[in-house]
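**Student:** Need coordinates for the following:
(one chain, ligands or ions: 2)
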Amino acid sequence: MKTRKTVMMFALGMAAATAFSAQRDEPIQPLVAPVVKEPAKVELGKKLFFDPRLSRSGAISCNSCHNLAMGGSDNLKSSIGHSWQEGSINSPTVLNASLSIAQFWDGRAADLRAQAGGPIANPVEMASTHEKAIEVLSSIPGYVAEFKAVFGRDGIDIGRITEAIAAFEETLVTPDSRFDRWLQGDDSALGKRELAGYDLFKNSGCVACHNGAAVGGNSFQKMGLFESYKTANAATGREGVTGKDADRFNFKVPTLRNVELTYPYFHDGEAATLEQAVETMGRLQLGRKFSAQEIGDIVAFLKTLTGKQPTLDLPHLPPSSNSTPTPQPFVKK
Ligand code: HEC
Ligand code: HEC
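**Tutor:** Ligands and ions are numbered 1, 2, ... in the order given. Sure thing, here's the model as predicted:
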């Protein structure tokens, strides 16, 4: 009896240990929910992310082009900026962006902080200036008090603005996708077709570039290895940053997390559907022509990468004051 109990306890212990360490050894790792260390800074960053007063028009916020109700993107080929200007490149998702080696398609910003100052002053995006953004925020008593509470001292500058926005963006990680549950040992999390798709994704070579926890985001690679990519878009990728010929048409490999939500695809937004994107990837990056069945399998797998979307309480933005500069929605620039 005693032995039996010991054996049972041993077996239970084993089961617990297995459940804990059952993570499969795969080229893709599960996403880990972020630990929020500075909730007040995150909350301030969330307000700034949703605040259209950071734009010249008073109408465009970060969320306009990185809509957190739509996978952190705008689902447009290229974004609409100040005065309805046409953006030059597809807007990538902000979900899981904190996991990337660098920001932007060409990696010209080292991290989220360096990135966040860009759109505010970009004439075809929010079309403001850092000085103007600081002036606007400093005229809003609610922000003055909140910046002081978060940073411990009076004063609003671009460093603090971008630090708060980045702290918020770091929370935009999407764990607990069905694929993650499978990676963690839950055999029932994926169906047959999805598993077949993952097999193809691995064995045909997609994982050479799309790997790690973000299923991408960790290297720059040539778009068009076996065949060149034809596009009317003027972007030349990493070359613009390094000045090296060899980097021509190298782009940051996008994360495939939540890719079901972030259509259309590629830096020029020319692939309207996932099927089209997968077909192009097979042909251009692997020299392989997939059958419709194979494409369907891979797409089925890709859709299992949709994770738990951030659930946010809508931030309530502090009201402007009598001295807040008037927005200029109809001034062209
Ligand atoms: C008018 C649309 C627009 C607005 C507004 C906008 N963005 Fe973007 N965002 C883009 C586009 C387009 C890109 C890609 C640009 C590139 O790679 O050259 C981008 C890239 C990014 C990236 C890099 C993602 C990656 O994977 O490389 C982050 C992070 C980001 N934006 C955050 C923000 C934040 C924070 C704000 C507000 C301060 C903001 N964006 C405002 C359109 C916009
Ligand atoms: C040699 C590296 C490489 C390989 C191999 C590769 N990709 Fe890509 N993938 C990229 C790059 C780089 C981009 C961005 C290209 C661009 O936008 O111009 C991309 C973009 C994508 C996109 C669009 C994502 C978005 O948000 O726009 C999908 C989907 C995709 N790849 C799936 C796949 C699949 C499926 C395979 C295997 C059949 C594959 N990739 C193989 C490098 C690679």
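
**Student:** And this protein, what are its domain boundaries?
**Tutor:** 39-169, 178-305 (automatic domain parsing).

**Student:** is ligand 1 contacted by the first one?
**Tutor:** Yes: under the criterion of C-beta under 6 Å from any ligand atom, ligand 1 is reached by domain 39-169 at 49, 60, 62, 64-66, 79, 81, 87, 89, 91-92, 94, 97, 100, 103-105, 112, 115-116, 119-120, 125-126, 165. In this view, the C-beta of every residue, glycine as well, is placed from N, C-alpha and C.

**Student:** now the strands for the protein?
**Tutor:** For the chain, the strands defined by DSSP state E cover 220-222, 250-252.

**Student:** Would you mind putting the domains of the chain into TSV with mean pLDDT, distance to D313 and mean neighbour count alongside?
**Tutor:** Output for the domains of the chain, formatted as TSV (pLDDT from 0 to 100; distance: least, C-beta to C-beta, whole Å; neighbours: other C-beta atoms under 10 Å):
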stretch	mean pLDDT	distance to D313	mean neighbour count
domain 39-169	97	9	19
domain 178-305	97	21	18
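
**Student:** Of these, give the one that comes closest to ligand 2.
**Tutor:** Using C-beta to the nearest ligand atom as the measure, domain 178-305 is the one of the domains of the chain that comes nearest ligand 2, at 2.8 Å.

**Student:** re earlier: can you flag which of the residues of domain 39-169 next to ligand 1 belong to helices?
**Tutor:** Among those, DSSP state H puts 49, 62, 64-65, 112, 115-116, 119-120, 165 in helices.

**Student:** now the helices: where do they sit in the stretch 151-300 of the chain?
**Tutor:** Here the stretch 151-300 of the chain has its helices, by DSSP state H, counting those that start in this stretch, at 158-169, 178-183, 192-203, 239-242, 274-286, 292-302.

**Student:** Next, format these as CSV and append distance to P327.
**Tutor:** Output for the helices of the stretch 151-300 of the chain, formatted as CSV (distance: least, C-beta to C-beta, whole Å):
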stretch, distance to P327
helix 158-169, 18
helix 178-183, 42
helix 192-203, 46
helix 239-242, 32
helix 274-286, 38
helix 292-302, 40
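
**Student:** what sits against F147?
**Tutor:** 44, 137, 154-156, 160 (C-beta atoms under 8 Å, 6 or more residues apart in numbering).

**Student:** nope, E135 is what I meant
**Tutor:** E135 neighbours (C-beta under 8 Å, 6+ apart): P325.

**Student:** got it, and Q276?
**Tutor:** By C-beta under 8 Å, 6+ apart, the neighbours of Q276 are Y265.

**Student:** Could you find which two of the contacts of F147 are furthest from each other?
**Tutor:** Across the contacts of F147, no pair lies farther apart than L44 and D154, at 14.7 Å, counting by C-beta to C-beta.

**Student:** thinking again about what came up before, and which of the ones in helices among the residues of domain 39-169 next to ligand 1 is nearest to K37?
**Tutor:** L112 (15.0 Å).

**Student:** give the contact list for the closest residue to that closest one other than its chain neighbours.
**Tutor:** Closest residue to L112 apart from its sequence neighbours, by C-beta to C-beta, 6 or more residues apart in numbering: A166 at 3.8 Å. By C-beta under 8 Å, 6+ apart, A166 lies in contact with 45, 98, 111-113, 115-116.
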